[in-house]
Every structure is written in structure tokens, then in C-alpha cells.
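Novice: What follows is a predicted protein model with its sequence.
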Amino acid sequence: MSIRGFRQPPASVADAAAPAVELDPAQRAVVELPVGVSAAVIGAPGSGRTTTLRELVAERILVQGLDPAEVLVLAPSRAAATRLRDELALRVGVPTLGPLARTSTSVAFEVLARRAAETGTEPPRLLTGAEQDQIIADLLAGHEELGTGPAWPDPLGVEVRRLRAFRTELRELLMRATEEGVRPGALAEVGRAHDVPEWIAAAEFAREYEDVVDSFRGDHLDSAELLAEAVLLVSRGEALTGIRLVVADDLHEATVATLSLLRALAARGADVVAFGDPDVAAATFRGAEASALGRLSTVLGLPELRTLVLDRVHRQPPALRALTSAVTARIGAAGAGRQRQAGSAPGLADDADPIQVIEAPTRALELARLARRLREEHLLGGVPWARMVVLVRSGSLVPQVARSLATAEVPTRTAVAGRALRDDLAALALIRAVDVVLGRVPLTPDIAAALATGPLGGLDGVQHRRLRLALRQEELAGDGHRSSDELLVEALAAPGRLETLDLAPARRLGRLARTLQGARELAASDGTIEELLWHLWEGSGLATPWFEQALQTGIVADQANRDLDGVVALFTAARRFVERNPGRPASDFVEELLGAEVPEDTLSPQPLADTVLVATPSAVVGAGYEVVAVAALQEGVWPNLRLRGSLLHPQRLSAVARGLDRADVDERAEVLGDELRMLALAVSRASRVVVLSATANDEEAPSPFLRLVPPAPGLAEAEAGAEAGRVAADAPAALRIRPDHPLSLRGLVGALRRELAVVHRDAVLLDDGRVVSGDRTARRPADATRERGLAAASALARLAAEGVTGADPAEWYGLRAPSTTEPVVDLTDPEARVPVSPSRLEAFERSPLNWFIDQASGGSTSTAMGIGTIVHAVMEEASLDPDADLRPPALEERLDARWGELPFESPWVGERERRQAGELIAGVSGYLRDFAADGGRMLAAEGGFELEVGVARLRGKIDRIELTKEGRVVIVDLKTGRHYPTRAEIPAHAQLGSYQLAFVEGSLEDAPADAPSGGAKLLYVSGGTRGLPYRELPQEPLTREELDGFRARIAAAAEGMAGATFEGTPDLGERDPGSARRYRIHLVRAVSA
């Protein structure tokens, strides 16, 4: 089977045996071990342990004639086993019955599967970590609902037991108990004997857990149980009887279960040669026995066992080797230690600056600088992306770091199994669609919108809005009253609903509706989850565009690769579900996947693209890279000295089961040792350069681990000079390029276009060979300006010829022809009128361009606007009710009646906004009560008006029209914002002036025409003054001259609003910085010309 975006090595490569390599004396001693001798081979990182292992296997098979079926090579993980399998296949070059390298779990599964075939029983099924977590979560939820279950200690209350961390520790405890042979009854006894009530409760839970698993059809075993069963068969001589040589790589990552398998094989006469280094054990918190190599004779039960040490490091030159040694020297020896004395092999020379440290004031800047260093290594050092890796302490940091690097045009990849499938956007979109198809969830407006704007629908925000408007207009034209939400749901539920709309978004969504309908029909005919997913995927039409995007570089390409990875992983999980559970409905798969918080291991193929791996140290066990970057080295993050297993103490159980006394053990020192091992594993992967990065500011401090880095002579001075734009000729290689020089195609295009803009500006200002800037005068010959322009233009032309996005002037917005030169309103038509809103008049006068952008885009809504709308409604209702209670508590009841209409990001945000809204209501209450006490009378609330002023049609709504006790008409505009105009600005306030003009022209139906004007005022209820909870800013009644001037002002604005061009305001950013950011893109010369 072939999958787009993935490739396999050519058969010709796989068929040819790789040549032998030259070994040093210590490695040769291992390869020449006599048959019948077991050994522990301890070597520092980069000392060639895996190379030696490979040569040992080749020696036994190719020279000594051992049958490949008699050799078993164990690796600590599936990824390591795959890598070692390929290397051995190339080196040995002879046919084998199966892969030479396996994981212990894989071996155990094969043993039990073969046993089942021989006895005619059903083969075992491996319970994945995600499935175990789901079973545990279901049991705990059932206990909570029914009030049953074990009597957990008080610190492990219901809230704690809901946490994923608790389930993880409980699962770890159950597996440790299985590895140590501790049954539930014995676990309870051990808990009572050592006064650990958590173990007593866990023992009761374990009994129920086993009963549930035993009730499943077939034999379901977790990895620990699988290995325990296999060890029993091997010990009896009923399995793996033909194995004569067992070779274990990275034994420091082996658990007790794997060591038990090795012991059983050794007891049956197999030679065991184990390779490893306790200093780089990365899985000790998962039960790895880092000290096993130092006491291998005892572990295997062999009285005689040789210990060999590899004394040369072939990967790291002296400076990098010194860094690794500085880290490992602070780790407990774990029964070994001589390997630390190994030095770099002769002939290895250090790079110009092999150890680089980045400290930045923010995480964004840290990662930007790191991305630049990686690009320097790629472009200037010729290092392939795939020969670089970025390592972080926690898996939760991986997505953030990968996104930041991709934004800086560093192609990245992450491990698919590093996140649950439900957290993958592409996979989740398919699963949500299946959820709707199966009827597990109704097609609500929110789900319909998510499907329309997700990968399957493919609509962006503008297209989505346009489609909803079209649906609504069509509904109104047919005298319908349904909302756009209801119409969108109908469009996805009824495939033919959108055929009446001639819009691209409608056609795209119509295809999704037909695909969903086909999936419903498939589900009704008992289609499997795999069939449903394939139907949705093929109907989406995403395969080709995503494949083509994935072949490119940049952010879009990286996202396409991640999406394809997620989809392939989803298909793999679906196929595995169907194969294992042929009779179960598709809804079970959806329920399990959406409920799973633990990532599943995946067998889906991985891309071989040239990308930088972003991962945790455990992902690079056994691997090597030219450049290793260790990012986010922060205090409190790395090292993380939080004690592991503090809830259920699974580590302590292993020690107790073996009779070890941990009374004097410093657990925090053990944790520090584990953190140092992970750092040693990380930095020891590098063969050329190590980059360590951290954020340093008032709130975040770099990790104390950075103190282990020896200072590079002159690096700080060189870096400071580079930051200032001064680069010395003898500066380190990474700093010889100015930091403002772009090292990406997108950055280069931007820099060249900026240079052209600067040249154009200089050419305009150039006068008699001089450029005047303020009160300074500098000589700049016109020829030099032209040369700069020609050089930039020539470079852009070369980039455009190569198809680089943004280099071709045809793609520049500022040089494109206007889409239309027609005016917004054709004023040559005598009947034409320009709608003018009083509230937007001043916005046009401030910046016609910004006004037009808001008009064309429809503006935006916010929580503050929603609160303002509700406060306006409360004031209106209270004003129209003659018997209304105007005190704050009564008005707040009206507020609370509509508060649920507002969406908030989180409850605490809603609570904060509600307190602030209470202050607004207090202002409304104070004003209404004072107004009533003064004897005033309200004439109208939210009254509309319309009048014509020249070509303008002035139209608006007035919050309140009041009649004072003196008989004057006053117009009130309620404001809930916190920014007040100055009193000097009020006389020319456009909104208030519009209202006064409407009154004078007799356009206010509710105001008596013969009443004198009392002017207009702004009423702010967000902050009081002079002891009042509100603030009034009045505009005096306009004189006849002022009204005439205002009419001319409206007419002039209307003519401008009707035009075909709209000018921006260059200094708006200085006067209104917050507003200017919204329109910045339209003010850039390259965009707006």
C-alpha cells in the first residue's frame, strides 16, 4: 500500500549489505566475545554502542554461521527497534524470517500469539495505554456516581480522582504490581504493613479492574501482563527455545518486565550481551532500571559475566564531550561510572562555536533567535533540516515551539503519538462529522458553523458570513422568519437546499451536505467506522490540495503535513478498531476516541521529509544529530524537582517488593538525577553544535543547568556587537551575518521591497544631490540611490523568476489596478441619497479610509458592546414603566434577566464583567432618580428620525428625549464607555449636533414643535463626578449660524462618503494608537500605494 506524502527506501538499497566499519580496540573486544559468554557493555553517549552491537550481530551471523532465527535483538522502543531493524538488515544482508530487532512487548505478543495458535485458543489482545485509561476513568466515574468503590484516603478526594494525573499514577501502580508479581491481595497486605492506605484502596480497585477486563471477549492484557505471561512460558522451555544470542540495546531504558525476560532467556542457556549507559536513562519515572547494567550479573542470575567499557567517543569533539561530561559528573554512578572517563576519538575537531547560549526577554524572541540560528546552520553551514533536533523538557511545550519555528520558516515535525487524536484538528473534524452522521449529537447551529468553517467545509470567515447573509435574504424574500443559524443547519441537513444560491461558498457547502447525506446512508447500512471516515475524506476533496501544500515549505506546508499525519493516524486507529472488533458499531469508536486523553501509539507511516524534529529527550534515544537545540531551559521547568508518584507511590512499591530499604533515600536527589540524565541525553545527541536557549526577565529565570556551560571566549562581545549591527571579521560563524539580514525567502522579499520603498522616498526627497531630513543635511548622490534601487529590483526579478511568493510586482496590492473606479453612490442621479449615521459622522471626518473599511467589513462586536446594549435596554424599559423601581437592586434584576445572552471565555471573566456592569446600572439608577426628582418628563426612548440635508439622508436613533420642568426639550445620548471627550470638543460634537438639527427641522415626532430647545448632552454612567454616579457633558442649543454650518458639514461628509477614493490619515496612530492598529495593513505603502 502506498500513501501520498510518504515513501519507502528503494528495494535496491534494502537488498545490499552494508560494509563493515572500522572499530576501535574496545569495540573489537566486544565483537570478539567468545560464544557462551554474557557481558555488560557500558559506553558513554556517542561511543559507538549501537555500531558495536550491529557488528557483533554481523560477526555471529556472517562469520560464525549463527542462524538469524537464533539471534534476538531487543530495543527499548518501537522507534528505536525500527531504526535498528533497518540498520541490521542493511549490515547483515541475508534473508530473515522476521525483523532482527524487536521490543520486548513485541516478542512477548508473538510468544503468546504462537501459543494460542498451537492450542487453538483466541490470540491475546494488547490493551493500549489509552484503553486502560478509559477503563479506569469509567470505573472511577461509576464509583463517584453510585457512591461506591474503595475507601480512598482523604487527600485523594473526588476532585483528585477526576484528574488525568491520578489515573496515570494508578495505571503505573497496577503495572508495577504486575511486574513485581504483587497480586491485589498482597498489595493490600503490603499497604497495611508499610502504612500506605493508598495501596489498600488501590488493591480493592485492582480487583474490580481485573474483573472488568476479564469480562471482555478474548484475552486482554496490558504490556506488563503480556511480558509476565511470556516470561512464564520461556522459563518452562515452551517458547523461544531456539534463541542462542540475545543482544539488548540501551538496557538503561529496560523495565523490570524486560529484565525478567532476559533472565529467563539466560536461564535457558542463551548468551546475553547488553549495551547501555545509566547516565542517559530517560524513562526512570516509568520504571526503567538505570542501575541494571551495573549489577547485570545479579539481574540475570549469572555467576560469571564480563563488563566491558567503550573508552572512546566517536560522535562528539572535545568541547561537546566536555559539556556532556559536565552534566554526567553530577549524576549518581548507578553501579557504573568508568564510561565517563572516555575522551573524544583522535581526529575529531571542534566547530568554530560548538556551544551557543541564547537568552531573550520573552519566549517569542527566544524562539525567533533560535529559529535564526537553525536557519544559519542550514543555509550557511549546509546542515540538512533532518540533521537538527529541538528538544524541550515537557511534551506540552512541543506544539508551541513547533509553531513558532514554523512561523519563522523552519520546517518542523512532531511525533503523532505525542498527542491524543481528539486534539488533532484534522482528525477531530472528521470525527465530529461522523458524530453528526451517526446521530450521537444533534446538528446544532454551533456544530453546523464548526463544520462549515472547518477543514471539511473550508469556508473562511468572510465566506461564512456571506453565505449566511444570502440564506437570510432568500428567507426574507420568501416571507420567512427563520434566523441564519436555523437556515445553516437546514442547508447541511438537506443537500438540495443550497442549489438556489449561485455562490462559491454555497456550492462548497452543498458538497459537504451531499457527503454527509451519503455517510448517513452508509451508516444506515451498517458501514464500519473505517468506511465512514474514507467516505468523508474522499468527499472532502482535501487529499490533493493538502498533498500539494505539504510538498512546499513554510507554515502552510507544515500545517498540511501535520493534518495529513493526523488523518493517517486516524485511519490507522479505525482500521485497528475494525480488525479487533468486527462486530462493534462505529459509535463505540467515536465514543472511545473522544473520551481518550492518553495518546495511542501509532503504526501509521511517518514522513521522511527534510524537517526539524521537535520532541522531548525520550524521542531521540539511540539517535544522533549534527545540531541539537535545547529550548525553554527555565528554572522550575528543567529541572522539574517535583516528586514523582506523590499520590500513589508506584516507585516505592517496586523497592518494597524487592525488600529494599528506602528510609534514608533522598527522593529529591533522585529526581534531580533523572533531570540531569535527560539533559545528558539531549546534549549528547549532537556531533557539531549544541544551542541552549532560555527566557530571562523579571518573572522567568534561566535554568541553573546553564551554569554547566563553559563560556565561549569572545562570544558575548561578538553577540553584543552583532545586535548593534557591528560584525567583526573574526566573530563566531553564527554571528558573521548581521542579525537584521533575512535568512528566509519571505524575509528577503520583504527586505528588498522595503529597500525599493526607501529608494523611492529618497528619490522624491533628493534635491541637487542632497537628502533633507529634519534639520540635518546629508550628502547622498543620486547615482547611489539609483544603484540601490536597481540592485533591489534585480534581486526581486530573480526571485520572481524562481516563483518565490511576493517577489513578482503583479502580486503587490499597491500596484494592482483598482477593482472598480465607480463611486459608492452615483450623485449624478438626482434621486440618489447618501445614508449618513450621526454616530459615524466624526469617524468619517477623522479618517475617510478607516470609515470606509468599517463600512465595507461590517465592523466587529465585543463583550463591551454587548454589555452596553443590555444597559441601554434596562434604561429604556425602566423609563417606559411608570411604576418601575429605579433603585439599583431592581434595575440589576432587569440586567440579570438578559445577562445570559453574553458569551464569556471563562466564568471568572463573566463575574468581573458583571461587577463592572453593576457600576453602570448604579449610574443609570442615579440619573433616573435625579431626573424624576427634578420634575422632568421623558417624551420618548429609542426614538428614530430621518431628514434630508442636501444629498445626505441623516438617519439615527435617540436614546432619550426629555422635557425639563421649564418646558425645554433636551436630547440625551447614553454612553457606557470610559473615554470622555473634553468639554472643548462638545460644542462641535457631531452626534449631538445631528440630534439638535433633527429637532429644529421637526423630525422628532415625540417632541413638541413649539417647545424651546434645551440642547443635547452625553450621559456617561461608567464614572461619576461631583459625588454623582454619572457624568453629563452638555451641548448648548445651537444658534442659527451654527445650524447652517452643521448642515454644510453633513453635506460635505455625504459627498465624501459617496466618492470612489478614501484617504487615510498618516498621524492617526499618534492621536489614536489603539484604533490605528486595526487599519495598519491598509496604510502600508506597498499595500495602499
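Specialist: Alright, I've got the coordinates.
Novice: got the CA positions of the helix or strand A188 falls within in PDB?
Specialist: Secondary structure from DSSP states H and E places A188 in helix 184-193. Output of helix 184-193 as PDB, limited to C-alpha atoms (Å, rounded to 0.1, in the frame of the first residue of the first chain):
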ATOM      1  CA  PRO A 184      -4.200  -7.300  44.700                       C
ATOM      2  CA  GLY A 185      -4.400  -9.300  48.000                       C
ATOM      3  CA  ALA A 186      -0.700  -9.000  48.500                       C
ATOM      4  CA  LEU A 187      -0.800  -5.300  47.600                       C
ATOM      5  CA  ALA A 188      -3.300  -4.700  50.400                       C
ATOM      6  CA  GLU A 189      -1.200  -6.600  52.800                       C
ATOM      7  CA  VAL A 190       1.900  -4.600  51.800                       C
ATOM      8  CA  GLY A 191      -0.100  -1.400  52.200                       C
ATOM      9  CA  ARG A 192      -1.100  -2.300  55.800                       C
ATOM     10  CA  ALA A 193       2.400  -3.500  56.700                       C
END
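Novice: Just the strands from the stretch 801-950 of the chain, written as ranges.
Specialist: 834-836, 937-949 (DSSP state E, counting those that start in this stretch).
Novice: Tell me the strands beside the first one, with direction?
Specialist: Read it as strand 834-836. Strand 834-836 has the following sheet partners, assigned by DSSP bridges: strand 952-963 (parallel).
Novice: Quick test: name the residue nearest the centre of the chain.
Specialist: Using CA atoms, centre = their mean, the residue of the chain that lies closest to the mean C-alpha position is P399, 4.3 Å off.
Novice: so that residue touches T414, yeah?
Specialist: Yes. Between P399 and T414 there is a contact at 7.1 Å, judged by CB atoms under 8 Å. Using the backbone N, CA and C atoms, a C-beta is placed for each residue, glycine as well.
Novice: Of the strands of the stretch 801-950 of the chain, which stretch is the most buried?
Specialist: strand 834-836 (a mean of 20; mean count of other CB atoms under 10 Å).
Novice: Now the residue nearest to the centre of the chain, what are its backbone angles?
Specialist: phi -60, psi -40 (degrees, to the nearest 10).
Novice: With L308 instead?
Specialist: phi -120, psi 140.
Novice: Now for the residue lying closest to it once chain neighbours are set aside, which secondary structure element holds it?
Specialist: Nearest residue to L308, sequence neighbours excluded (CB to CB, 6 or more residues apart in numbering): V41, at 5.0 Å. Per DSSP H and E: V41 is located in strand 39-43.
Novice: closest to L796 out of the strands of the stretch 801-950 of the chain?
Specialist: For those, proximity to L796 was assessed by CB to CB; strand 834-836 is nearest, at 42.1 Å.
Novice: Show residues contacting the closest one.
Specialist: Residues outside strand 834-836 that contact it (CB atoms under 8 Å, 6 or more residues apart in numbering) are 824-825, 827, 949, 951-955, 1050, 1053-1055, 1057-1058.
Novice: Output the below-cut-off pLDDT ranges for the stretch 851-1000 of the chain.
Specialist: 857-861 (pLDDT under 70).
Novice: which residues of it fall in helices?
Specialist: 863-880, 888-899, 907-933, 990-1000 (DSSP state H, counting those that start in this stretch).
Novice: Return the distance of the shortest one from the chain's centre.
Specialist: Going back to what we said before, that points to helix 990-1000. 52 Å (CA atoms, centre = their mean, to the nearest Å).
Novice: State the mean pLDDT of the helix or strand following that helix.
Specialist: Using DSSP H and E, the next helix or strand after helix 990-1000 towards the C-terminus is strand 1013-1020. The average pLDDT within strand 1013-1020 is 93.
Novice: elements contacting strand 1013-1020?
Specialist: strand 969-975, helix 990-1000, strand 1031-1035 (3 or more CB pairs under 8 Å, 6 or more residues apart in numbering; DSSP states H and E).
Novice: Present the ones you listed as TSV; the columns should include mean neighbour count.
Specialist: Output for the helices and strands packed on strand 1013-1020, formatted as TSV (neighbours: other CB atoms under 10 Å):
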stretch	mean neighbour count
strand 969-975	23
helix 990-1000	23
strand 1031-1035	18
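Novice: Figure out which of these is closest to A493.
Specialist: strand 969-975 (42.3 Å).
Novice: and the closest one with helix 990-1000, angle?
Specialist: With axes from the mean of the first three to the mean of the last three CA atoms, to 10 degrees applied, the angle from strand 969-975 to helix 990-1000 works out at 150 degrees.
Novice: Run the angle between strand 969-975 and helix 863-880 for me.
Specialist: Going by the same axes, to 10 degrees, strand 969-975 makes 150 degrees with helix 863-880.
Novice: Run through who's touching strand 969-975.
Specialist: Counting by CB under 8 Å, 6+ apart, 871-872, 875, 924, 939, 958-964, 991-992, 995-996, 999, 1004, 1007-1008, 1011-1022 sit against strand 969-975.
Novice: Restrict those residues to the buried ones and give me that as a PyMOL selection.
Specialist: The buried residues among the contacts of strand 969-975 can be selected in PyMOL (16 or more other CB atoms under 10 Å) with this line:
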select buried, resi 871+872+875+924+939+958+959+960+961+962+963+964+991+992+995+996+999+1004+1007+1013+1014+1015+1016+1017+1018+1019+1020+1021+1022
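Novice: Let's have the strands of the stretch 801-950 of the chain in JSON lines, adding distance to R315.
Specialist: Putting the strands of the stretch 801-950 of the chain into JSON lines (distance: least, CB to CB, whole Å) gives the following:
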{"stretch": "strand 834-836", "distance to R315": "73"}
{"stretch": "strand 937-949", "distance to R315": "77"}
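Novice: Could you work out which of those strands reaches nearest to R652?
Specialist: Closest among the strands of the stretch 801-950 of the chain, once you apply CB to CB, is strand 937-949, at 70.4 Å.
Novice: Quick check: which helices or strands does that closest one pack against?
Specialist: Using 3+ CB pairs under 8 Å, 6+ apart: strand 937-949 touches helix 863-880, strand 952-963, helix 990-1000, helix 1040-1057.
Novice: chain center to the second one, what's the gap?
Specialist: If you compare the mean C-alpha spot of strand 952-963 with that of the full chain, they lie 49 Å apart, counting by CA atoms, centre = their mean.
Novice: That one relative to helix 907-933, how many degrees between them?
Specialist: 70 degrees.
Novice: now swap in the last one and tell me
Specialist: For the pair helix 1040-1057 and helix 907-933, the angle between their directions (the same axes, to 10 degrees) equals 150 degrees.
Novice: Start at 176, not 1
Specialist: With 176 as the first residue, the last one maps to helix 1215-1232.
Novice: List the buried residues of helix 1215-1232.
Specialist: So, applying 16+ other CB under 10 Å, buried residues of helix 1215-1232: 1217-1218, 1221-1222, 1224-1226, 1228-1232.
Novice: Can you tell me which of these is nearest P1162?
Specialist: Distances from P1162 to those, taken by CB to CB, are shortest for E1217, at 8.0 Å.
Novice: need the next SSE after the helix holding A363, C-terminal direction.
Specialist: Next helix or strand after helix 359-368 toward the C-terminus (DSSP H and E): helix 372-389.
Novice: Check which strands are paired with whatever helix or strand comes next after that following helix and give the direction for each one.
Specialist: Moving toward the C-terminus from helix 372-389, the next helix or strand (DSSP H and E) is strand 395-396. Using DSSP bridges, strand 395-396 pairs in its sheet with strand 300-301 (parallel).
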